[in-house]
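any chance you can model this:
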Amino acid sequence: MKRSGWLTVLIVGFGLAAPSEGVCGGWLDFVVFRIGAELGSADAQYNLGLMYEKGDVIKGHNMQAVYWYEKAAEQGVLDAQVRLANLTALGRGVRQNRVHSYALYNLAALRGDKAAEESRDALERKMSPAEIETARRLTVEWIKKNSGGGE
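Here you go, the predicted structure:
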């Protein structure tokens, strides 16, 4: 997708796409984040997912939250990885999947997120050894894919 210079400046240059828990505002925020998300801004993708999940502007769209969190998580947004893991663990907006949730929590835990580490460990107690091994392989595959070969 071709990026419009003035729009990129508006969204990224002025910090309109900076991630924030308190970002959920009104329709203007939604439009700005939607445009930024479509242009590939990881921060805007995360914030758009947050707006969908919280339902401040549009109610009941966890599937859209999952979609945008996935986009942001693929670009390494830690909070998106954790929120996506939470939704996946609960089966909100996506089919419940402990293996996928574990892998996402594990990614965040490896980056120092203590809450993600605790959630991963709690989930591990409910998983079979085969599920845990699969989830760990997914973690390694994701790291290799998104870091050009490994960290």
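
mind exporting whichever strand or helix holds A115 as PDB, just the C-alpha atoms?
For A115, the host element (DSSP states H and E) is helix 114-124. Written as PDB, here are the backbone C-alpha positions of helix 114-124 (Å, rounded to 0.1, in the frame of the first residue of the first chain):
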ATOM      1  CA  LYS A 114       6.400 -10.700  34.800                       C
ATOM      2  CA  ALA A 115       2.600 -10.800  34.400                       C
ATOM      3  CA  ALA A 116       3.000 -12.700  31.200                       C
ATOM      4  CA  GLU A 117       5.400 -15.100  32.900                       C
ATOM      5  CA  GLU A 118       2.900 -15.800  35.600                       C
ATOM      6  CA  SER A 119       0.100 -16.300  33.100                       C
ATOM      7  CA  ARG A 120       2.300 -18.700  31.100                       C
ATOM      8  CA  ASP A 121       3.200 -20.700  34.200                       C
ATOM      9  CA  ALA A 122      -0.500 -20.900  35.300                       C
ATOM     10  CA  LEU A 123      -1.500 -22.100  31.800                       C
ATOM     11  CA  GLU A 124       1.300 -24.600  31.700                       C
END
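
list the helices and strands that helix packs on?
In terms of contacts (3 or more C-beta pairs under 8 Å, 6 or more residues apart in numbering; DSSP states H and E), helix 114-124 is packed against helix 78-90, helix 98-110. All C-beta spots, glycine's among them, are computed from the backbone N, C-alpha and C.

ok, and the closest non-adjacent residue to the most centrally placed residue in the chain?
Central residue of the chain (C-alpha atoms, centre = their mean): A80, 2.3 Å from the mean position. Spatial nearest neighbour of A80, chain neighbours left out: A72 (3.6 Å); criterion: C-beta to C-beta, 6 or more residues apart in numbering.

again, but for E131
Nearest to E131 is V99, by C-beta to C-beta, 6+ apart, at 5.3 Å.

turn the helices and strands packed on helix 114-124 into CSV, columns for distance to A135 and mean pLDDT.
Shown next, in CSV, are those (distance: least, C-beta to C-beta, whole Å; pLDDT from 0 to 100):
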stretch, distance to A135, mean pLDDT
helix 78-90, 11, 96
helix 98-110, 4, 96
